[in-house]
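Participant: take this sequence and fold it.
(2 chains)
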Amino acid sequence: AQKVTQAQTEISVVEKEDVTLDCVYETRDTTYYLFWYKQPPSGELVFLIRRNSFDEQNEISGRYSWNFQKSTSSFNFTITASQVVDSAVYFCVLGDNYGQNFVFGPGTRLSVLP
Amino acid sequence: DTGVSQDPRHKITKRGQNVTFRCDPISEHNRLYWYRQTLGQGPEFLTYFQNEAQLEKSRLLSDRFSAERPKGSFSTLEIQRTEQGDSAMYLCASSSRREPLGTQYFGPGTRLLVL
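Facilitator: Okay, the predicted model is just below:
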């Protein structure tokens, strides 16, 4: 069975602090995809990043960076120099090889305080 | 606005009534997904369409739920004989064969309250 665990239910940081959101997944598939989505207070989910299971290269996009470690089944997300606008719920997602079925983690609510 | 749209945005109904939600995906997106999200939880996958074909259904989709995408464009999700446990946000997402597999664009959702 596929499963995504986000152990941090809520995190609060002060603006400009760095913060890492943890994600651990379980799957028996050899080919799969991992995603992070952001759900701001407005409610609409926003795609952030996609990785496939064969690409363990870490990625940086502006203040965002992702660390994929297949050996530990983790796909962690770091926000550098956090801003108030980063306040949202962040979901880690595991997708199958066919793009047909997706499992969302329970989410981590990030609050960035001014 | 060329994003995914959903209608209605809010629906209040009495237990036992039938409700139908509509999703209009981004134009030319051939993949369409329905999810259900309850308060404080992540979205749960319900079903997936590729064009007009329903290729994947979750076990969460009981026989009271049915989804259609008759012409491969908009989709409807119907819940028959609603129960209080059906109260949730129903999300629709779409994606294109031109996008990396699995990249989804979500609509604003339909919030259902069953009294």
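Participant: show me what contacts A:Gly43?
Facilitator: B:89, B:108-109 (CB atoms under 8 Å, 6 or more residues apart in numbering or on different chains). C-beta coordinates here come from the backbone N, C-alpha and C atoms, glycine included.
Participant: near chain A, list only the ones from the residues you listed.
Facilitator: B:89, B:108-109 (CB under 8 Å from any CB of the partner chain).
Participant: need the pLDDT of the residue of chain A positioned farthest from its centre.
Facilitator: Distance from the C-alpha centroid of chain A peaks at A:Pro114, with 23.0 Å (CA atoms, centre = their mean). Among the per-residue scores, A:Pro114 shows a pLDDT of 94.
Participant: before we move on, the earlier item: buried among the contacts of A:Gly43? Need that as a selection in PyMOL.
Facilitator: Only the buried members of these enter the following PyMOL selection, criterion being 16 or more other CB atoms under 10 Å in any protein chain shown:
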select buried, chain B and resi 89+108+109
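Participant: now render the contacts of A:Gly43 as a markdown table, adding distance to B:Ile79 and pLDDT.
Facilitator: Below are these laid out as a markdown table (distance: CB to CB, whole Å; pLDDT from 0 to 100):
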| residue | distance to B:Ile79 | pLDDT |
| --- | --- | --- |
| B:Met89 | 13 | 97 |
| B:Pro108 | 19 | 95 |
| B:Gly109 | 15 | 96 |
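Participant: now, among the contacts of A:Gly43, which is nearest to A:Glu44?
Facilitator: B:Pro108 (5.3 Å; CB to CB).
Participant: chain A contacts on chain B?
Facilitator: B:31, B:33, B:35, B:40-45, B:48, B:50, B:55-56, B:58, B:89, B:91, B:93, B:95, B:100-109.
Participant: out of the residues you listed, name the ones that lie in strands.
Facilitator: Those of the residues of chain B next to chain A mapping onto strands are B:31, B:33, B:35, B:44-45, B:48, B:50, B:55-56, B:89, B:91, B:93, B:95, B:105-106, per DSSP state E.
Participant: buried among these? Make that a ChimeraX selection.
Facilitator: This is the ChimeraX syntax for the buried subset of those, where burial follows 16+ other CB under 10 Å:
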select /B:31,33,35,44,45,48,50,56,89,91,93,95,105,106
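Participant: quick one: pLDDT of B:Leu32?
Facilitator: Model confidence at B:Leu32, given as pLDDT, is 95.
Participant: let me fix that: B:Gly107
Facilitator: B:Gly107 is assigned a pLDDT of 96 by the prediction.
Participant: gap between it and B:Gly85?
Facilitator: 23 Å (CB to CB, to the nearest Å).
Participant: so between the two, which is more surrounded?
Facilitator: Taking other CB atoms under 10 Å in any protein chain shown, B:Gly107 and B:Gly85 do not tie; B:Gly107 has more neighbours (22 against 9).
Participant: surely the more buried one and B:Gln6 touch.
Facilitator: Yes. Assessed by CB atoms under 8 Å, B:Gly107 is found in contact with B:Gln6 at 4.2 Å.
Participant: shaky segments in chain B?
Facilitator: Residue ranges of chain B with pLDDT under 70: B:1.
Participant: centroid-nearest residue for it?
Facilitator: Note on chain B: the residue nearest the mean C-alpha position is B:Trp34, at 3.3 Å, using CA atoms, centre = their mean.
Participant: now that residue. Nearest residue, chain neighbours left out?
Facilitator: Leaving aside its sequence neighbours, B:Trp34 sits nearest to B:Leu46 (CB to CB, 6 or more residues apart in numbering or on different chains; 4.3 Å).
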